[in-house]
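S.K.: Take this sequence and fold it.
(chains A, B and C)
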Amino acid sequence: MYADVVFPFKLSPLTYKVPEDAPDNLKGRIVKAPLMGKGHYGLIVSARNESLLEKKKNIKMIQEIHHHFASESTLSFMKWLSDYYLSPMGIALKSIFFEEAVNICVKHDVSCIESQRGTKKVANFQHSYKSFLYHAPSISHEYYLLDEVLNRTYPDIHGAVILVPEVSQIENLHDMLKNIFGERLCVIHSKLTKNKRLETIKQIITGQSDIILGTRSAILVPISNISFIAVTSEHSTSYKGEEGLRYNARDAAVMRGFIEKSHVFLSSVCPSVESIYNVKTGKYSPTAPSHIAPQKVENRPKIKIIDSRLKGQKTMTISRDVIKQARDIASKGGRFLFIINTRGYSLIRCEDCGHIAQCNKCNIPLVFYKNRNIVKCHYCGFEQTIHESCEECKGFNIKPFGAGIEKIKEEIEDVLKIKTITLGKDYMPWVIDKDIDAASFAIGTSYTAKKLRDEKFDAIALFNTDWLFTRPDFRAYERTFQEITMLTNILKPDGSLYLQTWYPKKRILRFIKNYDFKTFYEYELLQRKILDYPPFSRIILFNIFMKKNAERSLHDIDEIINNIDKQGLEILGPVDIASPLKSYKYCLQIFMKSKDRKILHSQAERLLIELKKIKGAKINADVDPLKI
DNA sequence: AGCACGCCGACT
DNA sequence: GTCGGCGTGCTC
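M.R.: I've put the predicted structure just below:
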């Protein structure tokens, strides 16, 4: 008898001999087996009578056989994670908290599956997989729906996972869920300490907790019964992992729901184009709380487009209209938030030749810090005192260019004669739990603004509107719509959002201004269809990292790509990109695109195997990438 | 994960 | 010229 064992390392299953006296239900059990001369804990994923690798003579024997960790559905889910995200099975196993489970199951002699079996009760609600999408008028509405559904069905719920995109959002739902489920609730997120995480996994495995609230990784918890899954703010890019197992927790939630035959509730103030498409094709069902009427546009904050071309003096970043509104709000003691996406004061440009000072290493603009009289690279951290002359034309006519937080702060304080605070510097909404002075004017990046929760402003001015929708990403319009819609959540209902732009006629801005989701999705889906982008096709991105000899490998890579069957498949690249990893100097990128997921995955797997043969190269595969 | 092998910087 | 850094490879 042989068994395939997966270890929680970057490794595919390995074959071992099974002792004669072993129990017969081996699949899903934790075992100890020799690996590199040492005993390691792994998981049996399959058992058979004959070894598939007969040629290998020294197949080793399993040393210990322990309790079950994985049910049939957990194994399917793990297999899906590994196959779909082109990752070794071991990485998938590690990701689903196997090491923590070993610690508990082996040390405390408990079985993951058996201990939870007692809670299993089949209700009507269960065992009928269906995914729903709720397009909510506000984040609060998302929570109301969740509250309503859970309150109505909680006696029937045995095992639930509720996902939020950011750690800071856990507290928004914690009390509500605690009220319904009491001690059954537990919390999982990446910022837990090792011990706390172990303790939480123990509660889950022993069946003390079966309601899990958390970020991304919560969808992977080793719970054998799931009857309900919720994904709040489903459009959020935070659900996509950027390292290790690069899974999208929203997609994993839908797949896990399908495997476990449980209901999946996706909700968002501005759902992803993919999810809207899935409603159109019938994969998801649209839903809304019965008693909440769709919110009228008149009841939402006003969105106003401010034409930058008409702004007052050329040296000012803030337009005259916004200044006027700010003055008005200041006089009433209201609160105003200014959002700009650069920290520091500005960039540096030569007025003679137009050259913008850049970091020699990273090729991105250097940021000027006025008070310290230095320029700094925000990527590598390089700092130097500011040059007197232009590197390019040696001219002395160098000037600040564009605007960062410091410049906006300077302009506001200068014009309005008012004190302002900087988010992230004077005030860290995600760390300190204190209120901003009610009369305050605040300045921050959209990153820091996103962390604000309960604050409500009378007005927000956004200066990076154009940067949002001009990015070279087919999802730029979608992202713009989402980012701006999310901002309206921190405005009072009668508040105003000012979008400063050089392109006031852009149709994306017209959609946003009118909260015209319907036309926006129609337009966006049409564009995606014409250009053959997701959701009409699937994409896998390959990054090839190298320390040196990039040109030499280029030939090998071309050769590999030539040998790939391109039937129903499109391959773009390889193209040189700035290496996103600091330990590698070079990075080549390959785009693989297909309408057929099966074709895409089978060829991607082949490509990956071939690319891994290139010596000295590190390969990353990113399935359904969000950052293009 | 952990252990072995391998190629570039400061030392007797 | 060698010692040793850790970056990459392999494990049934």
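
S.K.: which one is the closest residue to DNA strand B within chain A nearest to, not counting chain neighbours?
M.R.: Evaluated by Cβ to the nearest atom of the strand, chain A has A:F9 as its residue closest to DNA strand B, separated by 3.7 Å. C-beta here means a position set from N, CA and C on the backbone, and glycine is covered the same way. The shortest distance from A:F9 to any residue other than its chain neighbours is 4.7 Å, reached at A:G90 (Cβ to Cβ, 6 or more residues apart in numbering).

S.K.: how about the one helix or strand the one you found maps to, does it get close to DNA strand C?
M.R.: Taking DSSP states H and E as the definition, A:G90 sits inside helix A:89-95. No. Shown here: helix A:89-95 not in contact with DNA strand C (Cβ under 7 Å from any atom of the strand), separated by at least 7.8 Å.

S.K.: following that helix, which helix or strand comes up?
M.R.: From helix A:89-95 onward toward the C-terminus, using DSSP H and E, the following helix or strand is helix A:98-107.

S.K.: Pull that next one out as PDB, backbone CA atoms only.
M.R.: What follows is the C-alpha trace of helix A:98-107 in PDB, where atoms were taken according to Å, rounded to 0.1, in the frame of the first residue of the first chain:
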ATOM      1  CA  PHE A  98      -2.000  22.900   8.500                       C
ATOM      2  CA  GLU A  99       1.000  23.600  10.800                       C
ATOM      3  CA  GLU A 100      -1.300  25.000  13.500                       C
ATOM      4  CA  ALA A 101      -3.600  22.000  13.000                       C
ATOM      5  CA  VAL A 102      -0.600  19.600  13.400                       C
ATOM      6  CA  ASN A 103       0.400  21.300  16.600                       C
ATOM      7  CA  ILE A 104      -3.100  20.900  18.000                       C
ATOM      8  CA  CYS A 105      -4.100  17.500  16.600                       C
ATOM      9  CA  VAL A 106      -0.900  15.700  17.400                       C
ATOM     10  CA  LYS A 107      -0.200  17.400  20.800                       C
END
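
S.K.: List the buried residues in that helix.
M.R.: Using 16 or more other Cβ atoms under 10 Å as the test for burial, helix A:98-107 gives A:98, A:100-105.

S.K.: check contacts around A:T287.
M.R.: Taking Cβ atoms under 8 Å, 6 or more residues apart in numbering as the contact definition, A:T287 lies against A:132-134, A:145, A:265.

S.K.: what about it, distance to DNA strand C?
M.R.: Counting by Cβ to the nearest atom of the strand, to the nearest Å, the gap from A:T287 to DNA strand C is 45 Å.

S.K.: Helix, strand, or coil at the residue nearest the centre of chain A?
M.R.: The residue lying closest to the centre of chain A (Cα atoms, centre = their mean) is A:S238, at 2.1 Å. At A:S238 the chain is in helix, as set by DSSP: H, G, I helix; E, B strand; the rest coil.

S.K.: so who does the spatially closest residue to A:L35 that is not a sequence neighbour touch?
M.R.: In space, and not counting its chain neighbours, A:L35 is closest to A:F7: 6.4 Å by Cβ to Cβ, 6+ apart. A:F7 makes contact with A:14, A:35, A:40-42, A:90, A:93 under the criterion Cβ under 8 Å, 6+ apart.

S.K.: any idea how far the closest residue to A:I104 other than its chain neighbours lies from A:E610?
M.R.: With Cβ to Cβ, 6+ apart as the criterion, A:I104 has its nearest non-adjacent residue at 4.9 Å, and that residue is A:K202. Taking Cβ to Cβ, to the nearest Å as the measure, A:K202 falls 43 Å from A:E610.

S.K.: for the stretch 251-400 of chain A, what spans make up the helices?
M.R.: When secondary structure is read from DSSP state H, counting those that start in this stretch, the stretch 251-400 of chain A shows helices at A:273-280, A:320-331.

S.K.: Tell me which of those helices sits most buried.
M.R.: For the helices of the stretch 251-400 of chain A, the stretch with the most neighbours on average is helix A:273-280, a mean of 20; neighbours defined as mean count of other Cβ atoms under 10 Å.

S.K.: Give the other helices and strands that that helix contacts.
M.R.: Counting by 3 or more Cβ pairs under 8 Å, 6 or more residues apart in numbering; DSSP states H and E, the packing neighbours recorded for helix A:273-280 are strand A:130-135, strand A:284-286, helix A:517-531.

S.K.: Which strands and helices lie in contact with the second one?
M.R.: Where contact means 3+ Cβ pairs under 8 Å, 6+ apart, strand A:284-286 is packed against strand A:130-135, helix A:273-280.

S.K.: Direction-wise, compare the following helix or strand past the shortest one with strand A:130-135 and give the angle.
M.R.: Spelled out, that is strand A:130-135. Later in the chain than strand A:130-135, the nearest helix or strand by DSSP H and E is helix A:139-153. On the basis of axes from the mean of the first three to the mean of the last three Cα atoms, to 10 degrees, helix A:139-153 is oriented at 150 degrees to strand A:130-135.

S.K.: So which bits of helix A:139-153 are buried?
M.R.: Taking 16+ other Cβ under 10 Å as the basis for neighbour counts, the residues of helix A:139-153 that come out buried are A:139, A:141-147, A:149-150, A:153.

S.K.: Sketch out the strands for the stretch 201-350 of chain A, chain order is fine.
M.R.: Using DSSP state E, counting those that start in this stretch, the strands of the stretch 201-350 of chain A run over A:211-214, A:228-231, A:263-268, A:284-286, A:302-307, A:336-339, A:347-350.

S.K.: Make a markdown table from these and add mean pLDDT and mean neighbour count to it.
M.R.: Putting the strands of the stretch 201-350 of chain A into a markdown table (pLDDT from 0 to 100; neighbours: other Cβ atoms under 10 Å) gives the following:
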| stretch | mean pLDDT | mean neighbour count |
| --- | --- | --- |
| strand A:211-214 | 97 | 25 |
| strand A:228-231 | 97 | 26 |
| strand A:263-268 | 96 | 25 |
| strand A:284-286 | 94 | 16 |
| strand A:302-307 | 92 | 18 |
| strand A:336-339 | 89 | 27 |
| strand A:347-350 | 77 | 21 |
